[in-house]
Structures are given as C-alpha cells and as structure tokens.
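Participant: Dropping the sequence and predicted coords here.
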Amino acid sequence: MRKLALYWQILIGMILGVALGLTLSQFSWGSAFVQDWIKPFGNIFINSLKLIAIPLILGSLIKGVSDLKDISQLSSIGLKTISLYILTTFIAVSVGLTIVNVISPGKHIAEETRIELTLRYASDAAQKQADAQIQRETGPLEALENIVPDNIFGAATDNTNMLQVIFFSLFFGIGMILIPEKQAKPVKKFFDSFNHIILKMIDIIMMAAPFGVFALLTALVTEAPSGDLFVALGMYAFSVLLGLGIMLGLYILAVWLITKRSPSFFIKGIAPAQLLGFSTSSSAATLPVTMERVEEHLGVHENVSSFVLPIGATINMDGTSLYQAVAAVFIAQAFGIDLSFAAQLGIIVTATLASIGSAAIPGAGMVMLVIVLAQAGIPEAGLALIFAIDRPLDMCRTVINLTGDAAVSMIVAKSEGKLDEQ
Ligand code: ASP
C-alpha cells in the first residue's frame, strides 16, 4: 500500500482531534481528562519542535553563510530579503485596511454584544495591556540594541532570543568566509554533519506530527469559548480570513509568475508546515519544519533558506500585520470612532512595525495590537471585543506568516540562481 502523504496524515490527525474534543466537551469530566491525559502529548510535541529551533538556526545559518562565495553575495541576499519582507507586510496591511473599510464589520456588532464582550473579557484584555506596557517602556533603539547579545550561550538558552542567535551565526559565518578556505574547512565539515543530524531529528519529530496535532487540537477544542460569540464576531472573523485568503492567493501568484512553480507544487511542498503552524499557532515552533519543507520539497538552496526563513519567522508576519490593521479599525468602528485617512495611514506604519516586533508565539500579535490601538487613539479596552475569537484567527494568521516567508525564500532563491531545477 502506498504511504499516505504527510499532509494527509496531519490533516486526519487534526480532524480526529477536533472530533474527539467536541465529543469530550459533552461530558462534565471531558475537559479535565483532556488536560491530564491528552494535552501533555501535544505539549511534548511542541517542545520537541522548539528544542530543535536554536541548534537548527546555529547550524544551518553558519553552514549556509559559509557556503557563499563572498560577502557581496550575502549582502545581495540580505537586501532582497529585507526589501521583500517590508513590501509584503505593507501589502498585507493595505489589504486588511481596504477590506475592513469596505465590509465595516464593527458596524454589525450589536450594542448588547459589545457590552457583554467588554465585561466578560475585561480582565484578559487588561493582561494583554500589561504585557504591552513592558514592550512600550523600551527606548527607540532598544530593539536594535537587543539584536547583539553579550553572551552567545546566554542568548541560546532562550527561544525568544532568536534574533541574537541569528546575529551570532551570521557573524560567525562571515568570519569563516573571510579566512582562507583551508583553515575554515574543519569547522565547515563539522557544521555540515551537525546540520544533517538536525534535519534527521526533524524527520523523526515529523513522524509524530499527526499524533501531536491530534492532541493539540483535542485540547484546543475543549478549551474554546461557546459558539454564539463566534457568530457575533462573524463579520470581523470573515474580514480577517478574507484578507488572509487574499494574501495566500498573492503568494501563490507571485511564486508562480516569478519562479514558474505551479500553485500545486508550492502548496503541496509547504502544506505540512502550514498545518503545523495552524495547530501550534507559532511560527517559531514551526520553523524547523518550514525549513525542511522549503529546502527539500520546494528546492531552495540552504544558503538562501537558512538566512531568509529564521529571519522571516522573527520579523516577517504578514498575517499578523493584516489582522492588526483589521482589528484596530474594527474596534474603532464598534466604538463609533471615525478614523481619519491620516489615522489609517498611521495604522499602516504602526501595524508594520508592530508585526516586526511580535514574537513568533501564540497570541503575540494581540499584545502588539495594543500599541497599534494606542497610537491611533482607539480605546485599548476594545481588545476585550476580539478576545473570544483570537485563537482561531491566530492559527490562521500563523499559516500566512510562514507561507509568506516560504514564498519570499523561493523568490530570493530564484533571483540568486539558487532554486533547484524542477
Ligand atoms: N502566532 C503568530 C505567529 O507565531 C504571531 C501572532 O500573530 O500572534 O506567527
């Protein structure tokens, strides 16, 4: 019998997880049972993915950079990557703003629903505001300052320090290019095999992916708030999803036109990473799989993917920026605030920056949304309105975040002659 493709296996795991979650939520003991006996397996799966992230970045980025012929090649890849990341984020925010202005989901929300949501989620919203306050208290150049670690071992002990590890690896790789090849060879060989081992470990983790997502989704469904809130927020959710769908279409189109790879080739190649991003809501946790898929199934050479993808996972969040734009205007509409054109232009800038600053973990986009709201003069307490439905939307925007990174890596690879022939 032919083995079922990985994305089918993961999809089946997801469907069974949702079905079991729905069934168990009918019983009074269901949710506690899932917490005690099913959720831990989901957590083990996510942890094993996160476990691999820092060694993967270290290994593959050092190897990737040191494989380049010279520094000018690195700066050419770097410049293209950053420009494309800014461009795609800008497009995403603009798509979001257009949709939310056309559909006006905030005007569809009933007064009593608004009051109910504000009361019910006030404390959750306050928590996000408090988290955002910590971010806000930083100076203007602190984000830049934080990229340079003062101790690589210190940086590597914390998964949220991904940019610091990227900085060290790039720096180390540049050092390797600059010394005579003969001297660099042993270290290069070491990182070569180090990398192969890490990739094998990812393969092994992926064998457990269908079970991992099964456990994650079972837990998620039993924890989800009641369905009627989803209906009340239906127009808002629809606006975000429509925007995300348009972004997906744009990536597919761009990959098709620029790299001549068919939509089905692209989607089949990236699908397992998308399903995992959906199940984990974290582009950082999914990074190992995104890298593996992009290199081995989409044909991007390692010296491009190892640079483009980890940076993308940390700073390029098109789905998040789109959601922030839609959410900000939705909240303003719900509170009856008319946003001027200038205020909407301001949202383009702040949502772009806020998405860059969002960590690649579940719910991070909402924390940074507080800053977008504050900048536009929209009441931050409005977060309570969108709280109930944030997790499912987070799952979807994470898919777009990582798909955007994959598309950009293919385009950069094509332009550098580093995309495998089909
Ligand atoms: N969960 C998203 C990610 O990891 C970030 C966010 O929008 O909350 O890409």
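Facilitator: Looks like it arrived, so ask away.
Participant: which parts of the helix ranked longest in the chain are buried?
Facilitator: Across the chain, the longest stretch assigned as helix under DSSP state H is helix 71-103. For helix 71-103, the neighbour count (16 or more other Cβ atoms under 10 Å) marks 73-74, 77-78, 80-81, 84-85, 88-97, 99-100, 103 as buried. (C-beta placed from N, C-alpha, C; glycine too.)
Participant: Show which residues not belonging to stretch 59-68 make contact with it.
Facilitator: 74, 77, 166, 169-170, 172-174, 176-177, 184, 187-188, 191-192, 194-195, 198, 291, 302-307, 310 (Cβ atoms under 8 Å, 6 or more residues apart in numbering).
Participant: In strands only, show me the residues you listed.
Facilitator: Using DSSP state E, no member of these sits in strands.
Participant: Buried by neighbour count, from those: which ones?
Facilitator: 74, 77, 166, 169-170, 172-173, 176-177, 184, 187-188, 191, 194-195, 198, 291, 302-307, 310.
Participant: What helix or strand is the residue in the chain sticking out farthest from the centre located in?
Facilitator: Centroid-distance maximum for the chain: K182 at 39.2 Å, with Cα atoms, centre = their mean. K182 is part of helix 181-207 when elements are defined by DSSP states H and E.
Participant: picking up where we left off before, can you name the residues that contact the residue farthest from the centre of the chain?
Facilitator: Per Cβ under 8 Å, 6+ apart, neighbours of K182: none.
Participant: can you tell me how far it sits from K188?
Facilitator: To K188, K182 is 11 Å away according to Cβ to Cβ, to the nearest Å.
Participant: and what of L309?
Facilitator: Relative to K188, L309 is positioned 21 Å away (Cβ to Cβ).
Participant: And the next helix or strand past the lowest-mean-pLDDT helix or strand in the chain?
Facilitator: Least confident helix or strand of the chain, by mean pLDDT, DSSP states H and E, is helix 227-232 with a mean of 65. The helix or strand immediately downstream of helix 227-232 is helix 234-254, counting by DSSP H and E.
Participant: For whatever helix or strand comes next after that following helix, name the packing helices and strands.
Facilitator: Counting by DSSP H and E, the element after helix 234-254 in chain order, helix or strand, is helix 263-280. Packing partners of helix 263-280 (3 or more Cβ pairs under 8 Å, 6 or more residues apart in numbering; DSSP states H and E): helix 6-24, helix 39-66, helix 209-223, helix 234-254, helix 283-296, helix 390-415.
Participant: want to try TSV for those, with distance to S321 and mean pLDDT as columns?
Facilitator: Below are these laid out as TSV (distance: least, Cβ to Cβ, whole Å; pLDDT from 0 to 100):
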stretch	distance to S321	mean pLDDT
helix 6-24	26	93
helix 39-66	22	91
helix 209-223	24	92
helix 234-254	10	96
helix 283-296	13	95
helix 390-415	9	97
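Participant: can you redo these as TSV with distance to the ligand?
Facilitator: Formatted as TSV, the helices and strands packed on helix 263-280 follow (distance: least, Cβ to the nearest ligand atom, whole Å):
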stretch	distance to the ligand
helix 6-24	17
helix 39-66	12
helix 209-223	13
helix 234-254	11
helix 283-296	4
helix 390-415	4
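Participant: what's the closest of those helices to E112?
Facilitator: helix 234-254 (15.9 Å; Cβ to Cβ).
Participant: Next, the buried residues of the closest one.
Facilitator: Buried-residue list, helix 234-254, by 16+ other Cβ under 10 Å: 235-237, 239-244, 246-248, 250-252, 254.
Participant: contacts for that helix?
Facilitator: Taking Cβ under 8 Å, 6+ apart as the rule, helix 234-254 contacts 91-92, 95-96, 99-100, 103, 105-106, 108-109, 230, 263, 266-267, 318-319, 322-323, 326-327, 330, 386, 389, 392-393, 396-397, 399-400, 403-404, 406-407, 411.
Participant: run the last query once more with 6 Å
Facilitator: Contacts of helix 234-254 with the rest of the structure, by Cβ atoms under 6 Å, 6 or more residues apart in numbering, involve 92, 95-96, 99-100, 103, 105, 108, 263, 318-319, 322-323, 326, 330, 389, 393, 396, 400, 403, 407.
Participant: My read is that I205 contacts N47, right?
Facilitator: No. With contacts counted by Cβ atoms under 6 Å, I205 stays clear of N47, the gap being 10.2 Å.
Participant: The two - which one has more neighbours?
Facilitator: The neighbour count for I205 versus N47, taken as other Cβ atoms under 10 Å, is higher for I205 (18 against 11).
Participant: and G363, how far is that from D131?
Facilitator: G363 sits 9 Å away from D131, going by Cβ to Cβ.
Participant: and the contacts of helix 234-254, which are buried?
Facilitator: The buried subset of those - by 16+ other Cβ under 10 Å - is 92, 95-96, 99-100, 103, 105, 108, 318-319, 322-323, 326, 330, 389, 393, 396, 400, 403, 407.
Participant: before we move on, the earlier item: give me the angle between the longest helix of the chain and helix 234-254.
Facilitator: 140 degrees (axes from the mean of the first three to the mean of the last three Cα atoms, to 10 degrees).
Participant: which helices and strands sit right next to helix 71-103?
Facilitator: Judged by 3 or more Cβ pairs under 6 Å, 6 or more residues apart in numbering; DSSP states H and E, the packing partners of helix 71-103 are helix 234-254, helix 318-334, helix 341-357, helix 390-415.
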